[in-house]
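S.K.: curious how this folds, go ahead:
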Amino acid sequence: MITIIARLMFLLALFLSLLTNTGQIVFAKGNDNVREACRVTRYQNLCVHSLAHFSNTAGRSPSKWARAGVSVSIGEVKSVQAYLAELKRHGHMKGRNRVALSDCVESFAYALDELHNSLGVLRRLSKSTFSTQMGDLNTWISAALTDEDTCLEGFEGKTEKKIKLLQNRVQNVSYITSNALALVNKLATTGLGSINDP
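M.R.: Numbering: from 1, shown residues only. This is a model prediction of the structure:
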């Protein structure tokens, strides 16, 4: 009886060990996917960190990575947009910085529109209009980057804590958007065959 229990315990331990190792293999493969996708980006560590949870679903699909990059960028722009609106609503900035903040809020609204347009195109990729779609995506995401960079113009007292925090958040968003643009450009160079990949 004890021998049977010992064998069952051994088999159970072996089974659990296999499950754990299989999970690690799947995670490692997913991690390879995101690292491979992010190779084309300028801010690779940020790319891997911000897109890691898409690893298994995006696999090696350039179109899925481009959608993931733009989706993450939209989320980050919304987050910074809410932060900017909060700063504006509570009147934390005075004088020239208040005007610059209003301009920044407006720039982020434009950036968000351009990124939403881009995501819409990425969801409807077509072999017959692929080249035009890639041109539109490049234009809109580049414009979103310009809008994000424009946000920082006009602020005074750049060593002030609030201004430094604002700069860091906006800069982080522009890095994420830059990565999204690189992923879209990768899709454009990969060509038509990549839009039907699994």
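S.K.: now do the same contact list for residue 181.
M.R.: 138, 141-142, 145 (CB atoms under 8 Å, 6 or more residues apart in numbering). (C-beta placed from N, C-alpha, C; glycine too.)
S.K.: ditto for residue 141
M.R.: Residue 141 neighbours (CB under 8 Å, 6+ apart): 70, 73, 114-115, 118, 177, 180-181, 184.
S.K.: tell me where the protein has helices.
M.R.: For the chain, the helices defined by DSSP state H cover 2-38, 44-51, 55-58, 62-89, 95-123, 130-151, 161-190.
S.K.: so residue 148 sits right up against residue 178, yeah?
M.R.: No - with contact defined as CB atoms under 8 Å, residue 148 does not count as touching residue 178 (9.3 Å).
S.K.: does residue 72 really touch residue 53, like I thought?
M.R.: No - when contacts are counted by CB under 8 Å, residue 72 is not listed as touching residue 53 (9.4 Å).
S.K.: which of those two has more neighbours?
M.R.: The neighbour comparison of residue 72 against residue 53 (other CB atoms under 10 Å) goes to residue 72, with 20 against 13.
S.K.: now the more buried one: closest residue in space, sequence neighbours ignored.
M.R.: Nearest residue to residue 72, sequence neighbours excluded (CB to CB, 6 or more residues apart in numbering): residue 50, at 5.1 Å.
S.K.: so what pLDDT did the one you found get?
M.R.: At residue 50, the pLDDT value in this model is 97.
S.K.: which residues does it contact?
M.R.: By CB under 8 Å, 6+ apart, the residues touching residue 50 are 72, 76, 176, 179.
S.K.: look up the closest residue to residue 68, ignoring the ones flanking it.
M.R.: Distance criterion CB to CB, 6+ apart; nearest residue to residue 68, sequence neighbours excluded, is residue 54 at 4.2 Å.
S.K.: cool, and residue 102?
M.R.: Distance criterion CB to CB, 6+ apart; nearest residue to residue 102, sequence neighbours excluded, is residue 88 at 6.7 Å.
S.K.: and the one you found, how many neighbours?
M.R.: Neighbours around residue 88, by other CB under 10 Å: 15.
S.K.: re the thing from before, quick one: pLDDT of the residue nearest to residue 68?
M.R.: Per the predicted model, pLDDT is 94 at residue 54.
S.K.: can you pull the contacts of it?
M.R.: Residues counted as contacts of residue 54 (CB under 8 Å, 6+ apart) are 34, 64-65, 68.
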